[in-house]
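Trainee: turn this into a model:
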Amino acid sequence: MHILLVEDELKSGDYLCRGLRESGFVVDWVQTGVDGLHNAQSLEYKLIILDVMLPRMNGWDILRELRRTHDTPVLFLTARDEIEYRVKGLELGADDYLVKPFAFIELLARVRTLLRRSPGRESDVIEYADVRLDVLRRKVTRDGQRINLTAKEFALLHMLIHRPGEVFSRPRIASQVWDMNFDSDTNVVDVAVRRLRAKLDDAFDRKLLHTVWGMGYVFEERVEEGT
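Mentor: A predicted model of the protein is given here:
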């Protein structure tokens, strides 16, 4: 599930990004209102977490512009607890409202509730071939056998299985799973793919995680097995 976080406070943004990614979400984090509106209008997200007080463009104006063309669920974050602020956000089209400071477990519960309400939302369970990934329980099985994955391996598989047949480049994987710019001298992506492949593919005849030489990696079932 792809989430946009618009938050200018570095400590809060880093805290939320880490928590959401460890919970299985793919998160894009931007720190200005202008960047937030641009991403929200040009990319597809399942949910937007939006701070109210932002540089260059505040959350109210972002939501006002966004609602002209998009119905993406929006969760507002703000330090202001006055009832008029909550009412204003809801009247502009926000789907929920959370006052800072808050417990991450509450934010996570609200995020999951909004995603369940959202039409066309991603299922809590994703199945492809004989692999079953339970997003909420963080559980993966293949042909009924439990596959124990680390948090990063789970995030990597979640990204790949969500778009079977799509080739993911190393820079894209590094950005979405590790929130880092890819350095050609860094082999973190290749190492993670090897470990995931060892757990998910090595014990099975049908291989699902393939290398596309010179391009990246793809998760798909093939009639004729390659690499």
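Trainee: which stretches of this structure form helices?
Mentor: Assignment of helices within the chain using DSSP state H yields the ranges 10-22, 33-42, 59-66, 83-92, 104-117, 151-162, 170-178, 188-200.
Trainee: mind putting these into JSON lines with mean neighbour count?
Mentor: Bear in mind the C-beta positions are built from the backbone N, C-alpha and C, glycine included. Converted to JSON lines, the helices of the chain look like this (neighbours: other C-beta atoms under 10 Å):
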{"stretch": "helix 10-22", "mean neighbour count": "15"}
{"stretch": "helix 33-42", "mean neighbour count": "18"}
{"stretch": "helix 59-66", "mean neighbour count": "19"}
{"stretch": "helix 83-92", "mean neighbour count": "14"}
{"stretch": "helix 104-117", "mean neighbour count": "15"}
{"stretch": "helix 151-162", "mean neighbour count": "20"}
{"stretch": "helix 170-178", "mean neighbour count": "18"}
{"stretch": "helix 188-200", "mean neighbour count": "17"}
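Trainee: minimum distance to residue 128: which of those has it?
Mentor: Residue 128 lies closest to helix 151-162 among the helices of the chain, at 5.3 Å (C-beta to C-beta).
Trainee: circling back: now mean pLDDT too, for the helices of the chain, in TSV please.
Mentor: Supplementary listing: those in TSV, determined by pLDDT from 0 to 100:
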stretch	mean pLDDT
helix 10-22	90
helix 33-42	92
helix 59-66	90
helix 83-92	77
helix 104-117	87
helix 151-162	88
helix 170-178	81
helix 188-200	93
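Trainee: quick check: the residue nearest to residue 158 when sequence neighbours are not counted vs residue 212, distance?
Mentor: Leaving aside its sequence neighbours, residue 158 sits nearest to residue 24 (C-beta to C-beta, 6 or more residues apart in numbering; 5.6 Å). Residue 24 is 25 Å from residue 212, where distance means C-beta to C-beta, to the nearest Å.
Trainee: likewise for residue 23?
Mentor: Computed with C-beta to C-beta, the distance linking residue 23 and residue 212 is 29 Å.
Trainee: look at these two and report which has more neighbours.
Mentor: Each of residue 23 and residue 212 had its neighbours counted (other C-beta atoms under 10 Å), and the higher figure belongs to residue 23 (20 against 13).
Trainee: quick one: residues contacting the more buried one.
Mentor: Residue 23 makes contacts with residue 108, as judged by C-beta atoms under 8 Å, 6 or more residues apart in numbering.
Trainee: likewise residue 70?
Mentor: The contact partners of residue 70, taken as C-beta under 8 Å, 6+ apart, are 40, 41.
Trainee: so what does it look like in phi/psi?
Mentor: According to degrees, to the nearest 10, the main-chain angles of residue 70 amount to phi -130, psi 150.
Trainee: burial check on residue 216, number of neighbours?
Mentor: Residues within reach of residue 216, counting by other C-beta under 10 Å, total 18.
Trainee: and the residue nearest the centre of this protein?
Mentor: Centroid-nearest residue in the chain: residue 26, 1.7 Å away (criterion: C-alpha atoms, centre = their mean).
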